[in-house]
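*Asks:* the following comprises the amino acid sequence and a computationally predicted model.
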Amino acid sequence: MAIEQSGEPDTSAAPVAPDAMTPMAVEERRAALDTIAAEVRVCTRCRLWQTRTNAVPGEGHPDTEVIFVGEGPGQHEDIQGRPFVGAAGSFLTELIRSIAWQREEVFITNVVKCRPPGNRDPEADEIVACAPYLQRQLAVLDPALVVTLGRHSLQTFMPGARIGAVHGTARPVDPGTGAVQANAYAMYHPAAAFRQQALRETLQLDMTGIPAALESARSGRLSQPEPLEPLFPEPGAARASVPHLVDPEPAESPVPDLPRERELALARVPATTELSDDQMSLFR
């Protein structure tokens, strides 16, 4: 699903969800995210804990509809314990502001939460070990849009896709990632702009498509039909209330009850009537 892009950012698509779209209270979400972050900071699931200074769980608004997912922390992130605070992070903040959003209005994290030594790519087993944390963050946030930053993040949400072919486009996310009803929007990693200057303009252009991608993702969520409650549940389950199957109240008869007149009318009809032979022949 391609997203129409333009040079004018659509400021109508704010990344923070309206109250009507937040089934979990903001404080409950914040508490759940804090619990995950505390676990990440002491995690020893893979080898990366042995060389880290600080784990980097992620940060942002607990009621956002948009989550940016990078690949892994770098040197500055490892020192501060915060995501995207180095040069690439400054560029990401600049990109977010270019569409009239604030960094504090979205959530930013990585596929792996600890810095790979020498800023190397995260390895497959490290991504697998860290995946439950990202899945739980996505489940808590329930975003409408996941913005992938770089090819390792892309493979998490668009397996098999090539970033050169899909950047600036969106497609539905597999609910198994933790994002039950969301679209993924592909972008290059901001650090790529420092290695290849032409990608800076590509990133800037792709960023302008994010508000439209969010609006499209919202529309997809609203168009999902509500699950129907079964009329005849499994044995032992409470029977569904089905108001339209309740027998209506009997309508009041428009004819008044006139027992006396009815009794008189019936009295005029004998209980038995003698028929002549000619009359009986009509029934033979």
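*Replies:* Sure, I can see it. Bear in mind the structure is a predicted one, so any value in this text is a computation, not a measurement. Residues are numbered from 1 along each chain as shown.

*Asks:* drop to CA atoms for contacts and neighbour counts, all remaining ones
*Replies:* Noted.

*Asks:* okay, now residue 180: neighbour count?
*Replies:* Applying the criterion other CA atoms under 10 Å, we find 17 residues in the vicinity of residue 180.

*Asks:* kindly report the same for residue 26.
*Replies:* Burial of residue 26 is recorded as 16 neighbouring residues (other CA under 10 Å).

*Asks:* go on, residue 102?
*Replies:* By the criterion of other CA under 10 Å, residue 102 has 15 neighbours.

*Asks:* from the centroid of this structure, which residue is nearest?
*Replies:* Among the residues of the chain, the smallest C-alpha distance to the mean C-alpha position (CA atoms, centre = their mean) belongs to residue 181, namely 3.3 Å.

*Asks:* could you look up the SS state of that residue?
*Replies:* Under the three-state scheme (DSSP: H, G, I helix; E, B strand; the rest coil), the conformation of residue 181 reads as coil.

*Asks:* contacting residues for it?
*Replies:* With contact taken as CA atoms under 8 Å, 6 or more residues apart in numbering, residue 181 is in contact with 142-144, 172-173, 175, 221.

*Asks:* buried residues, the helix or strand that residue 211 is a member of. List them.
*Replies:* Following DSSP states H and E, one finds residue 211 within helix 210-222. Taking 16 or more other CA atoms under 10 Å as the neighbour-count basis, helix 210-222 is seen to contain the buried residues 210-218.

*Asks:* I'd like to know how far the residue nearest to the centre of the chain sits from residue 17.
*Replies:* Distance, residue 181 to residue 17, by CA to CA, to the nearest Å: 14 Å.

*Asks:* can you say which of the contacts of residue 181 are buried?
*Replies:* 142-144, 172-173.

*Asks:* for the residues you listed, give me CSV that also has pLDDT, secondary structure and distance to residue 41.
*Replies:* What follows is the buried ones among the contacts of residue 181, written out as CSV (pLDDT from 0 to 100; DSSP: H, G, I helix; E, B strand; the rest coil; distance: CA to CA, whole Å):
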residue, pLDDT, secondary structure, distance to residue 41
142, 96, coil, 23
143, 97, coil, 23
144, 98, coil, 27
172, 97, strand, 31
173, 97, coil, 27
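
*Asks:* what's the most distant pair in those?
*Replies:* Using CA to CA, the pair of the buried ones among the contacts of residue 181 lying farthest apart is 142 and 172, separated by 13.6 Å.

*Asks:* can you list the low-confidence ranges for the protein?
*Replies:* Per-residue confidence of the chain (counting by pLDDT under 70) places the weak regions at 1-12, 18-24, 223-284.

*Asks:* longest helix anywhere in it?
*Replies:* helix 124-141 (DSSP state H).

*Asks:* what's the following helix or strand after that helix?
*Replies:* Past helix 124-141, the next helix or strand by DSSP H and E is strand 145-149.

*Asks:* show me what that following strand is packed up against.
*Replies:* strand 66-70, strand 183-187, helix 210-222 (3 or more CA pairs under 8 Å, 6 or more residues apart in numbering; DSSP states H and E).

*Asks:* tell me which of these lies nearest to residue 160.
*Replies:* Each of the helices and strands packed on strand 145-149 was checked against residue 160 via CA to CA, and the shortest separation belongs to strand 183-187, namely 12.8 Å.

*Asks:* off-centre distance for that closest one?
*Replies:* Here the centre of strand 183-187 is set off from its chain's centre by 14 Å, with CA atoms, centre = their mean, to the nearest Å.

*Asks:* show me what it is packed up against.
*Replies:* Under the contact criterion of 3+ CA pairs under 8 Å, 6+ apart, strand 183-187 touches strand 145-149, helix 163-166, strand 170-172, helix 198-208, helix 210-222.

*Asks:* what angle separates that strand from strand 66-70?
*Replies:* If you take axes from the mean of the first three to the mean of the last three CA atoms, to 10 degrees, strand 183-187 sits at 50 degrees to strand 66-70.
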